[in-house]
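> sequence first, then the predicted structure:
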Amino acid sequence: MRNIVANDYANVDVTVIWDVATIHAPQLIAVLEPFLASLDSLPPQA
């Protein structure tokens with residue numbers, strides 16, 4: 001998506017960008033935060 005926003009901005013659907021920012025990104029964060037927190041409890045790799 002970054003490539004489209006950066007290089008084809010005349011054809012960007014702002015509704016899609018808004019949905020990603022307000023719906024999909026928070027959902028992704030909600031999934032990733034517990035996952036990343038669980039990594040903190042793993043022993044360090046050599």
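Nice, thanks for sending it over.

> any idea how far the top helix by length along the chain is from the chain center?
Counting by DSSP state H, the longest helix found in the chain is helix 25-39. The chain centroid and the centroid of helix 25-39 are separated by 10 Å under Cα atoms, centre = their mean, to the nearest Å.

> what does it contact?
Residues outside helix 25-39 that contact it (Cβ atoms under 8 Å, 6 or more residues apart in numbering): none. Quick note: C-beta positions are derived from backbone N, CA and C, even for glycine.

> so where's this structure uncertain?
Applying pLDDT under 70 to the chain flags residues 1.

> the residue most distant from the middle of it, which is it?
Here the centre of the chain is the reference, and by Cα atoms, centre = their mean the most remote residue is Ala46, at 29.5 Å.

> spatially central residue in this structure, please.
For the chain, Ala25 is the residue whose C-alpha lies nearest the centre (Cα atoms, centre = their mean; 4.8 Å).

> distance check, Ile23 against Arg2.
From Ile23 across to Arg2, the span is 18 Å (Cβ to Cβ, to the nearest Å).

> and the two? Which one has more around it.
Under the criterion of other Cβ atoms under 10 Å, the comparison of Ile23 against Arg2 puts Ile23 first, with 10 against 6.
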